[in-house]
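Undergrad: Here's a sequence, model it:
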Amino acid sequence: MDFLTLAAELRSELVERRRDLHRHPELGYEEFRTAGIVADELNRLGLEVQTGVGKTGVVGILEGAQDGPTVLVRADMDALPILEENTHDYTSTVPGKMHACGHDAHTTIALGVAKLLMAQRDQIKGRIKFVFQPAEEGGGGARAMIADGVLGDPRPDVSVGLHVWADMPVGVIGLTDGSMMAGASLFRVVLTGHGGHGAMPHLTIDPVPVAGLLISALSGVVGRKVDALSGAVLTVTSVRTSSEAYNVIPQSVELRGTFRTFEHEVAQQLEQRIREISTALASAHECRAEIEVNHLTIPVVNDAQVYQRVHKVFTGFGDAVQIQPVRTMASEDVSFLMDDIPGLYFFVGAGNAERGITYGHHHPRFDIDEDVLPLSVALLSSAVAEYILPEGRGGA
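TA: Numbers count the residues shown, from 1 in each chain. Take a look at the predicted model:
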């Protein structure tokens, strides 16, 4: 089936919808307008629709004519608390909120896939479970939908999803076997001593120099305690004291940071080292350490068998795409869906240096080359078709 041609015919519709969503960004668990648009379109197409999954999530079931596997297609819907600096005619109309990561495109693409494959319903053996997720940007939207039963009845046999990727030009696909996005964790350490006058430090227990020692010690953890081949990063990103006065030794200092890994075991190892080092340093200097660690996401790991099947499908697009492996320390909570269901997540290049579309994700001037929209619809449709259309795979 020529998905490239079919998707190209939807281009103007895809661009119009993406720009409308871009003008009206909504943060995590506030995606009421977006969810309404999604539900209305899925109902119009004839899917079975469920709303309010994970608070603002939407699920649409496309039931085929014959029995077969269930394929989960996931798209995220939320925006970011960023003031947009672009000046095009579809700039955000909501001050301080912006689709700076491409979720407006993801929602648009998944709806395009639903439209293309609904037209093939009589040939489908199985079903497609479209999952439109809220609150991907640190809000735990995937886990909220899982708690509401999104992985049950019908239980998916395989999951697929994509992310438009500004670091690559249109036409390049990032397709990786195994770990391809890191798991993200946050940590917070509060060092408490005994504050006092800056002119009389001998009467205090100063947590500030202890914080400096701790920052230095934590900065060396990855290089000295983690196998260099494992892939990990640990960064202290914030230092705050309980006082801002120049002549006051603060009672406490708070450190915040993040660590990211491609392996769950390494994340557990890093958490243990943070706790051990913080406690030991604090104790050695008569301070008290309070440590909090929050594992926001786990690594995104592509299933080997799913990777092999979809890679073969994408080679059918010929010169229209260039496939290359990509790994990044960025994270995605689609990992929680894929932890339970064999799946594949891939990147589709959305940058264009000639048109000045070069700003990265989460930047106030982030944008995409909208040629990525029909190409992504074609790619994602073909990946799904591999499982539910007997002779429907292939790109061109």
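
Undergrad: Okay, now the unreliable bits of the stretch 51-200 of the chain?
TA: Along the stretch 51-200 of the chain, the model assigns pLDDT under 70 to no residue.

Undergrad: All the strands of it, residue numbers only.
TA: With DSSP state E, counting those that start in this stretch, the ranges of strands along the stretch 51-200 of the chain come out as 57-63, 66-76, 125-133, 158-169, 172-174, 178-181, 183-192, 196-197.

Undergrad: Distance check, the spatially most central residue of the chain against Lys129.
TA: When CA atoms, centre = their mean is applied to the chain, the residue found nearest the centroid is Glu332 (2.7 Å). Look at Glu332 and Lys129: by CB to CB, to the nearest Å, they are 19 Å apart. Just so you know, the C-beta spots here come from the backbone N, C-alpha and C atoms, and that holds for glycine as well.

Undergrad: try Thr204
TA: Thr204 is 60 Å from Lys129, by CB to CB.

Undergrad: For those two, indicate the residue with more neighbours.
TA: Taking other CB atoms under 10 Å, Thr204 and Lys129 do not tie; Lys129 has more neighbours (23 against 18).

Undergrad: count of neighbours near the residue lying closest to that one once chain neighbours are set aside?
TA: Of all residues beyond its chain neighbours, the one nearest Lys129 is Leu72 (4.7 Å), with distances taken as CB to CB, 6 or more residues apart in numbering. As a burial measure, Leu72 scores 25 neighbours (other CB under 10 Å).

Undergrad: I'd assumed Gly152 was in contact with Leu72.
TA: No: Leu72 is beyond contact range of Gly152, at 11.5 Å (criterion: CB atoms under 8 Å).

Undergrad: Centre of the chain to the lengthiest helix in the chain, how far?
TA: In the chain, taking DSSP state H as the definition, the longest helix is helix 264-284. Put simply, helix 264-284 sits 27 Å off its chain's centre (CA atoms, centre = their mean, to the nearest Å).

Undergrad: What are the contacting residues of it?
TA: With contact meaning CB atoms under 8 Å, 6 or more residues apart in numbering, helix 264-284 is reached by 183, 185, 187, 189, 191, 210, 213-214, 217-218, 221-222, 225-227, 230-232, 234, 259, 261, 287-289, 291, 293, 295, 298-299.

Undergrad: now that helix and strand 183-192, what's the angle there?
TA: Helix 264-284 and strand 183-192 are oriented at 10 degrees to each other (axes from the mean of the first three to the mean of the last three CA atoms, to 10 degrees).

Undergrad: List the buried residues of helix 264-284.
TA: 266-267, 269-271, 273-274, 277-279, 281-282 (16 or more other CB atoms under 10 Å).

Undergrad: which residues of the stretch 251-396 of the chain fall in helices?
TA: 264-284, 304-315, 334-340, 372-388 (DSSP state H, counting those that start in this stretch).

Undergrad: I'd like those helices laid out as TSV, including mean pLDDT.
TA: Formatted as TSV, these follow (pLDDT from 0 to 100):
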stretch	mean pLDDT
helix 264-284	96
helix 304-315	98
helix 334-340	96
helix 372-388	98
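
Undergrad: Dump those helices to CSV, plus distance to Arg17.
TA: Formatted as CSV, those follow (distance: least, CB to CB, whole Å):
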stretch, distance to Arg17
helix 264-284, 37
helix 304-315, 25
helix 334-340, 22
helix 372-388, 9
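
Undergrad: and of those helices, who's closest to Gly161?
TA: In terms of CB to CB, the element of the helices of the stretch 251-396 of the chain nearest to Gly161 is helix 334-340, at 5.4 Å.

Undergrad: Tell me how many other residues crowd Gly139.
TA: 20.

Undergrad: how about the nearest residue to it, chain neighbours excluded?
TA: Spatially, and ignoring its direct neighbours in sequence, Gly139 is nearest to Gly28 (3.5 Å; CB to CB, 6+ apart).

Undergrad: I'd like the distance between the one you found and Ile128.
TA: According to CB to CB, Gly28 and Ile128 sit 25 Å apart.

Undergrad: Among these two, which residue is more densely surrounded?
TA: Taking neighbours as other CB under 10 Å, Gly28 and Ile128 compare with Ile128 leading, 28 against 23.

Undergrad: Now do the contacts for that one.
TA: By CB under 8 Å, 6+ apart, the contact set of Ile128 is 61-62, 64, 70-73, 114, 117, 384, 388.

Undergrad: Quickly list what it is bridged to.
TA: Following DSSP bridges, Ile128 is listed with bridge partners Leu62, Val71.

Undergrad: what about it, distance to Pro207?
TA: Ile128 is 55 Å from Pro207, where distance means CB to CB.

Undergrad: repeat for Met200
TA: Distance from Met200 to Pro207, by CB to CB: 16 Å.

Undergrad: quick one, which of the two is more surrounded?
TA: With other CB under 10 Å as the criterion, Met200 and Pro207 differ in neighbour count, and Pro207 comes out ahead with 29 against 9.

Undergrad: Pull out the buried members of the contacts of Ile128.
TA: Neighbour counting over the contacts of Ile128 (16+ other CB under 10 Å) leaves 61-62, 64, 70-73, 114, 117, 384, 388 as the buried ones.

Undergrad: All the strands of the stretch 201-350 of the chain, residue numbers only.
TA: 232-241, 248-249, 252-261, 288-295, 300-302, 322-324, 343-351.

Undergrad: Please work out which residues outside the shortest one touch it.
TA: To tie it back to what came earlier, the one meant is strand 248-249. With CB under 8 Å, 6+ apart as the criterion, strand 248-249 contacts 193, 195-198, 201, 204, 206, 208, 243.

Undergrad: If we use 7 Å, what do you get?
TA: 195-196, 198, 201, 204, 206 (CB atoms under 7 Å, 6 or more residues apart in numbering).

Undergrad: With respect to Ala147, which of the residues you listed is nearest?
TA: Using CB to CB, Gly195 is the member of those that lies nearest Ala147, at 42.6 Å.

Undergrad: quick one: that closest one and His295, what's the gap?
TA: In terms of CB to CB, Gly195 sits 33 Å off from His295.

Undergrad: Between the two, which has more neighbouring residues?
TA: Higher neighbour count among Gly195 and His295: Gly195, with 19 against 15, using other CB under 10 Å.
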